[in-house]
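Participant: Quick one, structure for this:
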Amino acid sequence: MISMIMVLNQKGEIMISRQYRDDVSRVAADSFRLQVIAAKEASSHAPIRRIENCSFIYTRHLNMYFVALTKSNVNPALVFEFLFQKIRVLKAYLGDDFDENSMRNNMTLIYELMDETMDFGYPQNCAVDVLQMYINLANVKPQDEPEPEQLTKQITGAIDWRREGIRHKKNEVYIDVLESVNLMISTSGAILRNEVTGRVQMNTKLTGMPECKFGLNDKLVIEKESAEGRKKPGVEIDDCVFHRCVRLGKFDADRTITFIPPDGEFELMRYRVNDNVNLPFRLIPAVQEEGQSNRCSINVKMIANFSDKLFATHVVVKIPVPKNTSKAKIKATFGRAKYEPEQNAIVWRIKRFPGKTSCQLSSDMELVRTVRPKAWERPPINVDFQVPMFTASGVHVRFLRVYDKSGYTTNRWVRYITKAGGYQIKI
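Facilitator: Coordinates of the predicted model:
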């Protein structure tokens, strides 16, 4: 497995290192410094390098390199996940923007975390809640000291992400379904890329050790229920990635998402949908270039496809213009549009866009004559938006059941938000 973990600054100096096996040494850091950092390959090459029969797997946080060294044939995805979890733990202790100085000022804490999160090269406990129970330095507020037996059970047990004895006055669960739409349309109107990536974010405030059962309108589950006489449309959900609290065996058997949730905020799952995507907006661009008179006109019509009961917020449309544009005369039916030379684009901002409506922008540009005329490359139009209570994939929460011995009542709130990922239309 992993032989050594080290953290280097942008000069290649070792800030902190921990050796778990004796088959590598700190001398290997010089090879990484010379062939990766000094050669400035970190940003242009794959984050895995094989140097002198040793594999270097690394990632960056600000100006620091978190590097894992190994001479065995390990799973790179596992190593990357450990490095990401390591950074997440340090953010919990040192702050989201921890830097080189904060690392040097908390050496004792970091060495303790290195010893607790890995043993002989094998990843161990990376749960922040559990680590904070017995490593309580830096900016972490002290919690009630647990009993030694409870602490041992918490660390070595099957449910290390939740401690026993949690009490809340109100038992509540907040569910956020957050989606990002990625779209690429060609100049002829053909769809080149069309997918939705989503995640389910939860905030649980539940008493005791409850078991939750969570259901989406998954196509496989819906088809199974349709055989029993209930017919409802379903969504084909792909590439599901779950929080470690989810019982994967149960999901593989009958697509049921069953789990004992951590206390507080956590990401339950991620997913991807490729079929039957409901695009929130449709754009119809028209470009006309007049070479002899050095003029160019761009007209864009924008149509909202979602329900008239909903509305989009923070809509920003960046319409590219030629680099030699000197003046731009712009008219928009609503919203504000302005030519911004530093971006070589007309930026059209709309605070609130109602559903089932359309708006239009027309612009006439005057171009500066150039000594060597060069054809305009025509970059794509970029759209940014946010649509509350709408999912482009059609995914929605069917139920959330909470089972506890005491049988208390749970209040549930669900919110849907769809945002633009890479939403581009070529012109």
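Participant: Identify each buried residue in stretch 6-17, please.
Facilitator: Buried residues in stretch 6-17, defined by neighbour count with 16 or more other C-beta atoms under 10 Å: 6, 7, 8, 9, 16, 17. Where C-beta positions appear, they are placed from N, C-alpha and C, glycine not excepted.
Participant: Go ahead and flag the most central residue of this protein.
Facilitator: Closest residue to the average C-alpha location of the chain: residue 199 at 8.1 Å, with C-alpha atoms, centre = their mean.
Participant: Point to the helix or strand of this protein where mean pLDDT is at its lowest.
Facilitator: helix 148-156 (a mean of 53; mean pLDDT, DSSP states H and E).
Participant: Which helix or strand lies directly C-terminal to that helix?
Facilitator: strand 172-185 (DSSP states H and E).
Participant: who does that next one touch, helix- and strand-wise?
Facilitator: Under the contact definition 3 or more C-beta pairs under 8 Å, 6 or more residues apart in numbering; DSSP states H and E, strand 172-185 sits against strand 191-205, strand 397-403, strand 411-425.
Participant: Can I get the first one as CSV, trimmed to CA atoms?
Facilitator: As requested, C-alpha coordinates have been extracted for strand 191-205 and formatted as CSV (Å, rounded to 0.1, in the frame of the first residue of the first chain):
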residue,chain,number,x,y,z
ILE,A,191,-27.0,18.4,-29.5
LEU,A,192,-23.4,17.4,-29.0
ARG,A,193,-23.5,17.0,-25.3
ASN,A,194,-26.4,16.8,-23.0
GLU,A,195,-26.2,15.4,-19.4
VAL,A,196,-27.1,16.2,-15.9
THR,A,197,-24.9,15.6,-12.9
GLY,A,198,-26.6,15.8,-9.5
ARG,A,199,-26.1,15.3,-5.8
VAL,A,200,-28.3,14.8,-2.8
GLN,A,201,-27.3,16.9,0.1
MET,A,202,-28.8,16.2,3.6
ASN,A,203,-28.9,17.9,6.9
THR,A,204,-30.2,15.5,9.6
LYS,A,205,-31.1,16.5,13.2
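Participant: on that earlier part again, which one of the buried residues of stretch 6-17 sits closest to residue 205?
Facilitator: residue 7 (35.6 Å; C-beta to C-beta).
Participant: ok, now which ones touch that closest one?
Facilitator: Contacts here follow C-beta atoms under 8 Å, 6 or more residues apart in numbering; on that basis residue 7 touches 14, 15, 16, 17, 64, 65, 66, 67, 103.
Participant: Using JSON lines, lay out the residues you listed together with secondary structure, pLDDT and distance to residue 298.
Facilitator: Converted to JSON lines, the contacts of residue 7 look like this (DSSP: H, G, I helix; E, B strand; the rest coil; pLDDT from 0 to 100; distance: C-beta to C-beta, whole Å):
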{"residue": "14", "secondary structure": "strand", "pLDDT": "88", "distance to residue 298": "54"}
{"residue": "15", "secondary structure": "strand", "pLDDT": "90", "distance to residue 298": "51"}
{"residue": "16", "secondary structure": "strand", "pLDDT": "90", "distance to residue 298": "54"}
{"residue": "17", "secondary structure": "strand", "pLDDT": "90", "distance to residue 298": "56"}
{"residue": "64", "secondary structure": "strand", "pLDDT": "92", "distance to residue 298": "44"}
{"residue": "65", "secondary structure": "strand", "pLDDT": "92", "distance to residue 298": "44"}
{"residue": "66", "secondary structure": "strand", "pLDDT": "94", "distance to residue 298": "46"}
{"residue": "67", "secondary structure": "strand", "pLDDT": "93", "distance to residue 298": "48"}
{"residue": "103", "secondary structure": "helix", "pLDDT": "89", "distance to residue 298": "50"}
